[in-house]
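Engineer: Okay, predicted coordinates and the sequence, questions at the end:
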Amino acid sequence: MTRFAFDVAPAWRTPLSLIGVGPGRAFAEVGEGVFSVRFGPWSLRTPVANISGTEVTGPYTAWKVIGPHLSLADRGVTFGTNARKGLCVRFRTPVPALVPGGFLTHPGATLTVSAPEELAEAIEHAREV
């Protein structure tokens, strides 16, 4: 497994830590045919074969991206720790992340990891294997 830490902006460290998002509890992993994300108490897990594409995006408006967010436009999930940039991961079949039990699924996830380009490359490499 290759792990990618979230890039937490200094101003958001304390507020995010209050909801359980901090070192060791905020990362994305790729490996062994699986893509997974941990964001404090929230998690997402899907086979890499379920990923249809990725795109580096940003900058964002802070109030729209910091913390866990649901897009009302497309039901996408955002796990955000900075407003600079992140990686949008699109899924063939929507996946659960914000609500336990799979009642709400997401067609995509935006992740503000420290190295979005490298995460995109790791996902692409894992999809080819």
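Structural biologist: Now that the structure is in, tell me what you want to look at.

Engineer: Just give the number of residues close to Gly31.
Structural biologist: Counted by other C-beta atoms under 10 Å, the residues lying close to Gly31 total 15. (Glycine included, C-beta is placed from N, CA and C.)

Engineer: and if you look at Ile66?
Structural biologist: Number of residues near Ile66 (other C-beta under 10 Å) recorded here: 23.

Engineer: mind listing what it touches?
Structural biologist: For Ile66, the contacting residues are 9, 12, 15-16, 80-83, by C-beta atoms under 8 Å, 6 or more residues apart in numbering.

Engineer: For those, please prepare JSON lines with the additional fields neighbour count.
Structural biologist: Converted to JSON lines, those look like this (neighbours: other C-beta atoms under 10 Å):
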{"residue": "Ala9", "neighbour count": "16"}
{"residue": "Trp12", "neighbour count": "19"}
{"residue": "Pro15", "neighbour count": "11"}
{"residue": "Leu16", "neighbour count": "23"}
{"residue": "Gly80", "neighbour count": "27"}
{"residue": "Thr81", "neighbour count": "25"}
{"residue": "Asn82", "neighbour count": "22"}
{"residue": "Ala83", "neighbour count": "19"}
